[in-house]
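Engineer: Next input, structure requested:
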Amino acid sequence: MSESMQTQVETFKEKAALVAAQVSEAANLEEALRRVVRICEEREPCELLVPEPGTETVFGENRRPIRLRRVIAAPGLSDQEFAMLQKEADTRGFLCLREGLRGYLAGIDVGVAWADSAVAASGTCLVPSTNEDVRLATMICESSVLLLRKSTVKPDLAGIAGQLREMQNTGEPGYAAFITGPSRTADIERVLTLGVHGPLESHVILLEG
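Structural biologist: Take a look at the predicted model:
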């Protein structure tokens, strides 16, 4: 990796940390996916927003139902990548999903997606999300995990302008999300609160390449 690229990656890590994103590095994709499962294992089980028919649950301290089987949603992964994740998740008894996330709107524990690129200056990831399940996986999960190749980190927003133009000029409707840390708002009495409109936690796993 060139010195300038390494500088951009370090800047990204610094800026992402400032907006409460947890950034780590993995030697390869297999290690990264093991980390996804560990993130799911280490956090508290997802509290369901509403009771989910046909799902085994218990009630938490605040009387909200908690799904006993944790869910990892990874709709943007390739067949091979998903098989790797599913194999690791099966050892913990977790359910892995690639589609049909509308059936799990009451709550998803961990959502996983690839980021196409990132902006070092703000710690922001660009995630193509024309696929509805990818949008749901990054929006309604309690912990969001983005996989990011170091070579795709650009110094500033201008660095991904060409990529955005290509995405917009396909002739088909499309969506892209700029994700900077976990969801946050200060609408209520100007008190900063995380997770109101999206994930409570934001993780970015950096890979070589």
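Engineer: Please write out the alpha-carbon positions of the top helix by length along the chain in CSV.
Structural biologist: For the chain, the longest helix by residue count, based on DSSP state H, is helix 3-18. Extracted C-alpha coordinates of helix 3-18, given in CSV (Å, rounded to 0.1, in the frame of the first residue of the first chain):
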residue,chain,number,x,y,z
GLU,A,3,2.1,6.0,1.7
SER,A,4,-0.7,8.3,0.5
MET,A,5,-3.2,5.5,0.6
GLN,A,6,-2.1,4.5,4.1
THR,A,7,-2.6,8.1,5.2
GLN,A,8,-6.1,8.1,3.8
VAL,A,9,-6.9,4.9,5.6
GLU,A,10,-5.6,6.3,8.9
THR,A,11,-7.6,9.5,8.4
PHE,A,12,-10.7,7.5,7.8
LYS,A,13,-10.2,5.5,11.0
GLU,A,14,-9.7,8.7,13.0
LYS,A,15,-12.7,10.4,11.6
ALA,A,16,-14.9,7.3,11.9
ALA,A,17,-14.0,7.0,15.5
LEU,A,18,-15.1,10.6,16.1
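Engineer: which helices and strands does that helix pack with?
Structural biologist: strand 21-25, strand 153-154, strand 201-207 (3 or more Cβ pairs under 8 Å, 6 or more residues apart in numbering; DSSP states H and E). Heads up, the C-betas are built off the backbone N, CA and C, glycines and all.
Engineer: Could you single out the most deeply buried of those?
Structural biologist: Scoring these by mean neighbour count under mean count of other Cβ atoms under 10 Å gives strand 153-154 as the most buried, with a mean of 24.
Engineer: Provide the contact partners of that one at residue level.
Structural biologist: Contact partners of strand 153-154, identified using Cβ atoms under 8 Å, 6 or more residues apart in numbering, comprise M5, Q8, V9, F12, S117, A118, V119, A120, I160.
Engineer: go on, stretch 157-169?
Structural biologist: Residues contacting stretch 157-169 (Cβ under 8 Å, 6+ apart): D116, S117, V119, A121, S122, L126, P128, K154, G174, A176.
Engineer: how does it look with 10 Å?
Structural biologist: Contacting residues not belonging to stretch 157-169 are listed as 8, 116-122, 124, 126, 128, 130, 152-154, 174-176, 178 [Cβ atoms under 10 Å, 6 or more residues apart in numbering].
Engineer: So which of those are in strands?
Structural biologist: By the criterion of DSSP state E, membership of these in strands covers S117, A118, V119, T124, L126, P128, V153, K154, A176, F178.
Engineer: List buried members of the contacts of strand 153-154 by neighbour count.
Structural biologist: Buried by 16 or more other Cβ atoms under 10 Å: Q8, V9, F12, S117, A118, V119, A120, I160, out of the contacts of strand 153-154.
Engineer: Can you give me the buried ones in the longest helix of the chain?
Structural biologist: Judged by neighbour count using 16+ other Cβ under 10 Å, the buried positions of helix 3-18 are Q8, V9, T11, F12, K13, K15, A16.
Engineer: out of these, which one sits closest to V50?
Structural biologist: Distance to V50, by Cβ to Cβ, is smallest for A16 among the buried residues of helix 3-18, at 32.4 Å.
Engineer: Excluding sequence neighbours, find me the nearest residue to the closest one.
Structural biologist: G123 (3.3 Å; Cβ to Cβ, 6 or more residues apart in numbering).
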